[in-house]
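**Q** any chance you can model this:
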Amino acid sequence: MKKLILLLSILLFSCENQSVIKRPNIILIMTDDQGYGDLGANNNQNIITPNLDDFADKSIRFNNFFVSPVCAPTRSSLMTGRYSLRTGVRDTYNGGAMMSSDETTIAEILKEANYSTGIFGKWHLGDNYPFRPSDQGFDESLIHLAGGIGQVGDFTNYYAKNTSYFDPILWKNNEQKKYEGYCSDIFTNNAIEFIEKNKSNSFFCYLSFNAPHTPLQVPKEYENLYNNLELSTEYYDGNQLVKMTKKDIEDTRKIYGMISNIDDNLGKVVNKLKELRIEDETIIIFMTDNGPQQFRYNGNMKGRKGSVYNGGIRVPFFLKVPNKFKDVKVKEINKLSAHIDLVPTISELCDVELPKNKKIDGKSLIPLLEGKNTENRYLFSYWTRRFPEKYINMSIQNDEFKLVGNNNYDSNIEKFELYDLINDPNEKNNIIKENIPIAAQFKYEMEKSLNELTKSKNILNPPRIIIGTKNENPTFLNRNDASGDRGIWAQNDIYTMWKVKFKKGTYNLKFKFKDSIKKSGTIFTEINNMVYSKKFNEPIDDVIEIKGIEIEDSNVDLISFLRVGNKKIYPFWIEINNKNEE
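**A** Take a look at the predicted model:
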């Protein structure tokens, strides 16, 4: 009798086990500067994107999906479900693209539920501890630095110039490694390896292409696809007919080649899921991070990257959910949805809890998938360098209307623009004069969002790079995360500093300058109200070092420069090594 009961228990346990559905895998694919019109599924007759078009056809299409006007803000919202200003992200460089380590990312949420997590491509939320993907919930990371391969912050590839997308030096789990091939292929192949390795476990794979962002570098076979393409030369930008320049046309051919390469790589990912027989266990998301940088076909919408008009912030968003995870009732959704919605949506699909100590600005999209009516809500957008500039390139919208500010901080309501998004999605006609009461209500909502977000603790107390711990030693401070004058980039003579937090130790600092100096000079470094200076009497090439500086635990605005005669030359990057942690 006991044996029979034991046998029945084993059989019952086995049946119950078989009925348990593993949490879904999540693959999030995002491209960089690919616009709404940059795929065949959105009526582009010139571009070759068969895999993307097929994926769009088999997915739920969100036709009114919005992101931030530029890269890093979109990515911080994507990772947290929060407006970027809450996370400390306020720029794409200028020290404003570091997401605070106190944020809880979707990778951390899923990792807590025993997901394997990996990122492959562009991170752009901080290159040093404690902001790296490995510090923010990713088990595996293969990324480039800064906002793009070969940009000033990506010092490992900067000097490759117009070949930086080929055979790049990337950062594999925080270690530099040289790779062979084209960047998009490298990121895809490593993402596929991650998927293969974790096929039996639930995984989150963030495949974040840096293409088709500039520099416009593309393998020849993809560029050749468009050599003989006869493009239309005029497109509408809102109500304005704009003629493409010769450079616009040349750029478009390269960009389309970069996107066709991405299309092939998407096909590789989908085919691998089929080969591994995990396609029906995997939710796939495809989206882009903002509108196109260059002028080309973009659905005749007004504006481009950097703009709060639809051409800058409305992007393709396709979501494919296997039936066993959600009984989807609709194929197309026209309600307003946004980047801030991904975290609550993925959390609900994967049955994991959202952080209770954070305000989540986004809403789960699950009710929309189920065909339910949802409330009409407001979405705030802005973009200006450094910090929000009141009423400049700023908008608030819901499903029906959008209010846009491009005027003085003290302008009256008549100076704003109001658009009817239902009847005029391309924002051709400003209807502010006939609808002052509606505009006034939207302006009130804009003010409320702006006042709340600019008081976020991560804006009032910006995140600092932590230097001198075992988590990262040495630390390389790069130009992307440098503060100073507005528009700091590759200039030698523009005021530069880094907001850092030193741990107590004995430090060596190595300064790399963008160009060879070929003269003698004096290096100055300001730390904790003390200036450390050292004269170099021999001609300096492009690297100098000072050693043995004792530093206490402290927050420091690190200012370093080389004085040559009456000229100040600021470092391109600084390598800082805590001898106590070697």
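**Q** apart from its chain neighbours, what residue comes closest to residue 50?
**A** residue 263 (6.8 Å; Cβ to Cβ, 6 or more residues apart in numbering). Using the backbone N, CA and C atoms, a C-beta is placed for each residue, glycine as well.
**Q** quick check: which helices or strands does the host helix or strand of the one you found pack against?
**A** Under the criterion of DSSP states H and E, residue 263 resides in helix 246-275. In terms of contacts (3 or more Cβ pairs under 8 Å, 6 or more residues apart in numbering; DSSP states H and E), helix 246-275 is packed against strand 25-31, helix 50-57, helix 183-197, helix 220-223, strand 282-288.
**Q** would you mark the buried spots in it?
**A** For helix 246-275, a neighbour-count test (16 or more other Cβ atoms under 10 Å) marks 248-249, 251-267, 269-270, 272-273 as buried.
**Q** neighbours of residue 297, how many?
**A** Residues near residue 297, counting by other Cβ atoms under 10 Å, number 22.
**Q** so residue 199 makes contact with residue 278?
**A** Yes: counting by Cβ atoms under 8 Å, residue 199 touches residue 278, with 5.6 Å between them.
**Q** check contacts around residue 78.
**A** By Cβ atoms under 8 Å, 6 or more residues apart in numbering, the residues touching residue 78 are 28, 30, 106, 339, 342-343.
**Q** can you pick out the most distant pair from the residues you listed?
**A** 30 and 343 (14.2 Å; Cβ to Cβ).
**Q** list the residues that contact the residue most central in space within the chain.
**A** Centroid-nearest residue in the chain: residue 75, 3.2 Å away (criterion: Cα atoms, centre = their mean). Residue 75 makes contacts with 89, 122-125, 208, 289, as judged by Cβ under 8 Å, 6+ apart.
**Q** same thing but at 10 Å, please
**A** For residue 75, the contacting residues are 30, 32, 67-68, 84, 87, 89, 92, 97, 99, 122-125, 147, 206, 208, 289, 339, by Cβ atoms under 10 Å, 6 or more residues apart in numbering.
**Q** equivalent analysis for residue 504, please.
**A** Per Cβ under 10 Å, 6+ apart, neighbours of residue 504: 468, 550-554, 578, 580.
**Q** sitting in strands, which of these do you find?
**A** The strands, defined by DSSP state E, take in 550-551, 554, 578 from these.
**Q** tell me how far residue 107 lies from residue 471.
**A** Using Cβ to Cβ, to the nearest Å, residue 107 is found at 17 Å from residue 471.
**Q** got the CA positions of stretch 394-404 in PDB?
**A** C-alpha atoms of stretch 394-404 as PDB (Å, rounded to 0.1, in the frame of the first residue of the first chain):
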ATOM      1  CA  MET A 394       9.100  70.700 -25.000                       C
ATOM      2  CA  SER A 395       5.700  68.900 -25.400                       C
ATOM      3  CA  ILE A 396       2.800  67.300 -23.600                       C
ATOM      4  CA  GLN A 397       0.400  65.100 -25.400                       C
ATOM      5  CA  ASN A 398      -2.400  62.500 -25.000                       C
ATOM      6  CA  ASP A 399      -4.300  60.500 -27.600                       C
ATOM      7  CA  GLU A 400      -6.000  63.600 -28.900                       C
ATOM      8  CA  PHE A 401      -3.800  66.600 -28.700                       C
ATOM      9  CA  LYS A 402      -0.200  67.700 -28.400                       C
ATOM     10  CA  LEU A 403       1.000  71.100 -27.000                       C
ATOM     11  CA  VAL A 404       4.500  72.100 -28.200                       C
END
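**Q** number of nearby residues for residue 129?
**A** Residue 129 has 20 nearby residues by other Cβ under 10 Å.
**Q** likewise residue 175?
**A** By other Cβ under 10 Å, the residues close to residue 175 number 7.
**Q** run through this protein and note the low-pLDDT ranges.
**A** 1-20 (pLDDT under 70).
**Q** could you chop it up by domain?
**A** 23-369, 379-459, 465-581 (automatic domain parsing).
**Q** gap between the two ends of the second one?
**A** Taking Cα to Cα, to the nearest Å, the span from the opening residue of domain 379-459 to its closing residue is 20 Å.
**Q** more neighbours: residue 30 and residue 343, which one.
**A** Remark: of residue 30 and residue 343, residue 343 carries more neighbours, 26 against 23, as counted by other Cβ under 10 Å.
**Q** separate out the buried members of the contacts of residue 504.
**A** 468, 551, 578.
**Q** can you pull the phi/psi pair for residue 571?
**A** phi -70, psi 150 (degrees, to the nearest 10).
**Q** that one and residue 511: what is the separation?
**A** For residue 571, the distance to residue 511 - Cβ to Cβ - is 4 Å.
**Q** shared neighbours of the two, anything?
**A** 523, 525, 542-544, 560-562.
**Q** now neighbour count and secondary structure too, for these, in a markdown table please.
**A** Listed next are these as a markdown table, based on neighbours: other Cβ atoms under 10 Å; DSSP: H, G, I helix; E, B strand; the rest coil:
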| residue | neighbour count | secondary structure |
| --- | --- | --- |
| 523 | 21 | strand |
| 525 | 20 | strand |
| 542 | 14 | coil |
| 543 | 14 | strand |
| 544 | 18 | strand |
| 560 | 20 | strand |
| 561 | 22 | strand |
| 562 | 21 | strand |
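**Q** now, the most widely separated pair of those residues?
**A** 525 and 542 (17.3 Å).
**Q** what about residue 571 and residue 511, which has more around it?
**A** Between residue 571 and residue 511, counted using other Cβ under 10 Å, the more crowded position is residue 571 (26 against 23).
**Q** residue 107 and residue 471: who's more crowded?
**A** The neighbour count for residue 107 versus residue 471, taken as other Cβ under 10 Å, is higher for residue 107 (22 against 15).
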